[in-house]
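S.K.: the sequence isn't on hand, but the structure is:
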DNA sequence: AAAAATTTGCAACTAAGTTATAAAATGCTA
DNA sequence: TAGCATTTTATAACTTAGTTGCAAATTTTT
């Protein structure tokens, strides 16, 4: 999916060294158009080399803090992570309640909703997360 | 907040006995206009009598399955629960990234967004969760 | 009141994520 | 390029949220 980002350049520009492990994490996240669990990333990387889970969590934290990665929360489950580069702007997600799979949906124009929500409360709003839940087309076909 | 629901009637109508503990859980959820963590509920009830956490989780599960309670997921944290009675329809939430507090926002008209999102994917959509994150007015004032 | 069913408690467990600290790797300066 | 400082990764131990299996207690039914 994401062959278009030069990760090591991006990392270097952002005060984080482009180590093999960091690049591997970014590469993994970019390899499919869906959010990943920390554990999935760990297992994917372990298929090729030994890694410790703490390193994965730390790298995901760092990348998130720098804005290269976005976290997506899931219904009762663990956190998911996705790339936050210019080719992957914020967007809603769909989670299947049967198989648990999390899909990325197309961005939708939310200016109106956004304005309506942020207005009256005096809160400073930084992020908006939209998650739909239901039965995905695969699980729908099966049953 | 919620003096308007006759919980034990509601429970009885729904195949769940109105036990003191179940009523206490509902009463606690209804006592403030905000979602509660399981742990908060546990502690609130323990102030008045001994309870086991497993009972709380089980009761919350049962009530959620019956549609009397809704779960609200939070940024990286534990699950939250809120009443789902007719006086408290689905609505967006705001979570402060500084103090972690979760507020209930007013329901917004989402038909347009909903249609736009559910359309092309072939998924059956049952629920829509909207969460905003940022800095709440209290934390804003402090800093 | 006895039997059956439901509800709650208790202990042990799992999974996600964190913390503290040590080891390894990398970059920098002489 | 050797030595020192800094950054990155590993390891082990821990915390917190939530679950599971089963026993005790309570309630309902007969």
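M.R.: Here it is on my side, so go on. Computed from a prediction, not measured in an experiment: that's the story for all the values here.

S.K.: now stretch A:9-19: average pLDDT?
M.R.: What stretch A:9-19 shows for mean pLDDT is 80.

S.K.: show me which residues of the longest helix seen in chain A are buried.
M.R.: The longest helix of chain A (DSSP state H) is helix A:53-65. Residues of helix A:53-65 classed as buried by neighbour count (16 or more other CB atoms under 10 Å in any protein chain shown): A:56, A:59, A:60, A:62, A:63. Where you see a C-beta, it was placed from the backbone N, CA and C, and this is true even at glycine.

S.K.: is there proximity between it and DNA strand C?
M.R.: Yes - contact of helix A:53-65 with DNA strand C (CB under 7 Å from any atom of the strand) involves A:53, A:54, A:57, A:58, A:61.

S.K.: pull the contacting residues for the nearest residue to residue A:26 once chain neighbours are set aside.
M.R.: Of all residues not flanking residue A:26 in the chain, residue A:7 sits nearest, at 4.4 Å (CB to CB, 6 or more residues apart in numbering or on different chains). If you count contacts by CB atoms under 8 Å, 6 or more residues apart in numbering or on different chains, residue A:7 has them with A:18, A:22, A:23, A:26, A:27, A:30.

S.K.: was I right to think residue A:105 contacts residue A:72?
M.R.: No - in this structure residue A:105 lies outside contact range of residue A:72 using CB atoms under 8 Å: 11.4 Å.

S.K.: need the overlap of contacts for these two.
M.R.: By CB under 8 Å, 6+ apart, the residues touching both residue A:105 and residue A:72 are residue A:93.

S.K.: higher neighbour count, the two?
M.R.: residue A:72 (21 against 18; other CB atoms under 10 Å in any protein chain shown).
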